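Trainee: Following is a predicted model, sequence given first.
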Amino acid sequence: MNEAARPDVRSDPVEGERLDEDQIALVIRRASELDGQALVGRTGLDLVRLEEAAVEAGLSRQSVRRAVAELRAGTLTRPGRKPARPAPGRLTVTRMVPGPQAAVQELIRLFLDEEQFEMRRDMGECCHWRRRHGAQAWVRLSVDRVWRRMVLSDVDRVETAAVEEPGSDGARVLVSLTADLRPLQKARRATLGKGAVGAAVVGAVALAATVAHPDVLLALPAATASGLVGGHLIGSARFRSRVDDLETALEGFLDRVERRVAS
């Protein structure tokens, strides 16, 4: 069977585009994970030769191309580092959606514009967004604290990526959305601080009471500890709940991207 008749062959990646050794290792490792195989990386290859070498070694074209898209979107970790895990201050959702890329990028822009974000850095496939400032944005955010219509009201910064899968002729686009969770972490620390203040007040009252009732001193450590533990539990529960809500909202947005672009 000649190359044109092979069912897994689509148009080639961009001719002349080259990857360095670390990037090649990332692509090979990720493609191997997607295929459930292992392959020793090769160096000094452009995308076309890398893809052909990986296919000859037993990897699928689709896995190699998906791995290259993830590399461009910035979701892969350099070799030798610990396995990638969600950073405590960031929430990332990723999905391959139907293209074209321009349509996907426009949907992302409209979504973040509605959420009162403005683009701060435009790097083509990857963009950085920050919450818009000004009277209109402030009023919109204040109203949303009552009606909860905005899904990113607790977020100040967002990073986005919309990367075409190589060889798909724009039919498949990898989308990555990363929300900065530091405002939520700050709110959690504030709740913990309130618990500590409450514990201190309880402790002070209990200490004062020991003048008249010495036996109250026995309850002082337990009362103080309960205030600290209570603040920690409440803050942690609220934080997890809001992060879960954010993840659900971002996944819901990607659901809409799939339906609207596909239609």
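Mentor: Now that the structure is in, tell me what you want to look at.

Trainee: quick one, strands of the chain?
Mentor: 90-98, 117-122, 126-131, 157-164, 172-180 (DSSP state E).

Trainee: show me the contacts for the residue nearest to Phe117 when sequence neighbours are not counted.
Mentor: What sits nearest to Phe117 in space, not counting adjacent residues and going by CB to CB, 6 or more residues apart in numbering, is Trp129, at 4.3 Å. Any C-beta I mention is one placed from the backbone N, CA and C, and that applies to glycine too. By CB atoms under 8 Å, 6 or more residues apart in numbering, the contact set of Trp129 is Leu112, Phe117, Glu118, Met119, Arg120, Arg157, Val158, Glu159, Thr160.

Trainee: Might you report the residue contacts of the second one?
Mentor: In this case it means Phe117. Trp129, Arg130, Arg131, Arg132, Leu152, Val158.

Trainee: mind redoing it with 7 Å?
Mentor: Neighbouring residues of Phe117 by CB atoms under 7 Å, 6 or more residues apart in numbering: Trp129, Arg130, Arg131, Arg132, Val158.

Trainee: Kindly report the same for the third one.
Mentor: By CB under 7 Å, 6+ apart, the residues touching Glu118 are Trp129, Arg130, Arg132.

Trainee: And it, how far from Asp180?
Mentor: 15 Å (CB to CB, to the nearest Å).

Trainee: Kindly report the same for the first one.
Mentor: Note on Leu112: its distance to Asp180, by CB to CB, is 13 Å.

Trainee: Domain map for the chain?
Mentor: For the chain, automatic domain parsing gives the domain ranges 3-73, 90-180.

Trainee: Number of residues surrounding Gly58?
Mentor: For Gly58, the count of nearby residues is 11 (other CB atoms under 10 Å).

Trainee: picking up where we left off before, which residues does the residue nearest to Phe117 form beta bridges with?
Mentor: Met119, Val158 (DSSP bridges).
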